[in-house]
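Participant: After the sequence you'll find the predicted model.
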Amino acid sequence: MNSSLESRVAGQLTRRAFFRRSGLGLGAMALGSLLQRDAAATGRGGGLIQPLHHAARAKRVIYLFQSGAPSHLDLYDPKPKLKEMTGVDLPDSVRMGQRITGMTSGQKNLFCVGSPFDFKAQGQCGTEISGILPHIGRIADRICLLRAVHTDPINHDPAVTYLFTGHQQPGRPTLGAWASYGLGSENDSLPAFIVLLSGRGGQSLQTRYWGSGFLPSRHQGVQFRGAGDPVLFFSNPPGVSADTRRAMLDDLNVLNRDQLAAVGDPEIETRIQAYEMAFRMQTSVPELMNIANESQETLELYGAKPGEASFANNCLLARRLVERGVRFVKLIHRDWDHHGGLPDGIRTQAGLTDRASAALVLDLERRGLLDDTLVVWGGEFGRTSYCQGELRRESFGRDHHPRCYSLWLAGGGIKPGMVHGETDELGYNIVKDGVHIHDLHATLLHCLGLDHERVTFRFQGRDFRLTDVAGKVVKPILA
């Protein structure tokens, strides 16, 4: 069989080729609809939702994710009664038979343990924050503290998956991917969704935590690294100039577009755009990642040091990214998982993150960016009021606690200087104004000008959305 005939036969045997040749057939119509919808989300400055569902208060999001679940009881939710009851078994009337993990379910006693840290009223709002977060304490008048966030999963991986996709089962798009899909990008030389990592140890991180799921893959997060090439395989190999690379891409694009015309696979279009984006990034990213050209005052504000990989450097990079139009920046800082040695461990992590977290808010504010940039700080769930393992005067641990925990927001459309939600006197159950993860998602999308019930994607015969079949906007915290 000659190559021409073989090509025609192969084309006739492919499912996509059949749909393509079906003219007005249902398959071609459906495929064309998907391609048109996806193309709408690729242009600079515009995404799938044009116009927006309502006026947006935020144009972009910086999510400071504290992986491992920091203890709300030692950072943001003071409980004098819990301190009084240290060494006393958690009352059955508080637990009410609720599920706990296998790490503590076999303990003979669930001894209450209060925080070893003092809390202080901060700012004009008087919000009480732990003394190990002095810098965040100083921005109390700029943040909205949610003290009654709750989630469904009780273990790390499903809880992180739930926090960013709205479902415990892997495979769905993440929050940043939905933002990219709905709003598009404001910069054609940088991805709409960028991820920065810091910290060592702690829970393992999966790339699906910033994946696009069943959305077109152009919406997945792109991980930037703190040392070496900012993106893997970013630099041209020795002997390959920019002109040579451009010529190679031009030839490759011709082949890819021929293949796209032949089979109609939208992922081929994604591949073409990825190659073009990578080429443009070779010019834009080196300048972006060079924080040495920031003023000494700014470096000191964050505690950033050029050339190092740190949460402080990443916070400064996040500000530089949103200045350049990046839609969603996710910073992940590891090692908040304190099942033992909590006092020393949480003090260490607070020291690594407190200054830069506050600096980011202050820096955005002084540059006129805070009003339309939404900053979020928090983990995947909270920590128990009772001790895991041996309770010692200078050391103890806390187990996972999805029933309630604290998280704060600042900027784009959020009321500053307020506390929303309340837990009981032991910090174990919610007594007022609970905020479920679906509610958090609905509120974040609302600030971006999107109705969470109307941002959908049809997959396997169903219209999926970030909030699944739940979620309500938390209106009391909106400015």
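Facilitator: Structure's in. What do you need?

Participant: Tyr302 is in contact with Leu360, isn't it?
Facilitator: Yes. Here Tyr302 reaches Leu360: they are 7.4 Å apart, a contact under C-beta atoms under 8 Å. For every residue, glycine as well, the C-beta is placed using N, CA and C.

Participant: who has more neighbours, those two?
Facilitator: Neighbours were counted for Tyr302 and for Leu360 using other C-beta atoms under 10 Å; Leu360 has more, 29 against 26.

Participant: so what pLDDT did the nearest residue to that one once chain neighbours are set aside get?
Facilitator: Once flanking residues are discounted, Leu360 sits nearest to Cys315: 4.5 Å by C-beta to C-beta, 6 or more residues apart in numbering. If you check Cys315, the pLDDT there is 98.

Participant: that older thread, residues that sit against both of Tyr302 and Leu360, list them.
Facilitator: By C-beta atoms under 8 Å, 6 or more residues apart in numbering, Tyr302 and Leu360 have these common neighbours: 315-316.

Participant: Direction included, what does the helix or strand hosting Leu331 pair up with?
Facilitator: Leu331 belongs to strand 328-333 when assigned by DSSP states H and E. Partners of strand 328-333 in the sheet, by DSSP bridges, are strand 60-66 (parallel), strand 193-198 (parallel).

Participant: any chance of those strands in CSV, with distance to Ala292 too?
Facilitator: Shown next, in CSV, are the strands paired with strand 328-333 (distance: least, C-beta to C-beta, whole Å):
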stretch, distance to Ala292
strand 60-66, 22
strand 193-198, 17
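
Participant: Could you say which one of these comes nearest to Pro343?
Facilitator: Nearest to Pro343, of all the strands paired with strand 328-333, is strand 60-66, at 17.2 Å by C-beta to C-beta.

Participant: about what we covered before: where does the residue nearest to Leu360 fall, helix, sheet strand or coil?
Facilitator: State at Cys315, reduced to three classes by DSSP: H, G, I helix; E, B strand; the rest coil: helix.

Participant: What's the local residue count around it?
Facilitator: 30.

Participant: hang on, it packs against Leu299?
Facilitator: No. Cys315 lies out of contact with Leu299 (C-beta under 8 Å); the separation is 11.5 Å.

Participant: care to break the protein down by domain?
Facilitator: By the assignment in automatic domain parsing, the chain contains the domains 1-40, 52-236+269-477.

Participant: Quickly, which of these bottoms out on average pLDDT?
Facilitator: domain 1-40 - the lowest mean pLDDT of the domains of the chain, at a mean of 41.

Participant: Now that we have the domains of the chain, can you turn them into CSV and tack on distance to Met248?
Facilitator: Below are those laid out as CSV (distance: least, C-beta to C-beta, whole Å):
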stretch, distance to Met248
domain 1-40, 24
domain 52-236+269-477, 9
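
Participant: among the ones you listed, which is the most enclosed?
Facilitator: domain 52-236+269-477 (a mean of 19; mean count of other C-beta atoms under 10 Å).

Participant: Now the terminal residues of that one, how far apart.
Facilitator: Counting by C-alpha to C-alpha, to the nearest Å, you get 21 Å between the two ends of domain 52-236+269-477.

Participant: so how far is it from its chain's centroid?
Facilitator: Centroid displacement of domain 52-236+269-477 relative to its chain, using C-alpha atoms, centre = their mean, to the nearest Å, is 6 Å.

Participant: helix, strand or coil for Val431?
Facilitator: Per three-state DSSP, the secondary structure class of Val431 is strand.

Participant: For the closest residue to Gly211 other than its chain neighbours, grab phi and psi.
Facilitator: Computed as C-beta to C-beta, 6+ apart, the closest residue to Gly211 that is not its neighbour in sequence is Gln220, at 5.2 Å. Backbone torsions of Gln220, given as degrees, to the nearest 10, read phi -70, psi 160.

Participant: contacting residues around Gln220?
Facilitator: Counting by C-beta under 8 Å, 6+ apart, Gln220 touches 174, 177, 193, 210-212.
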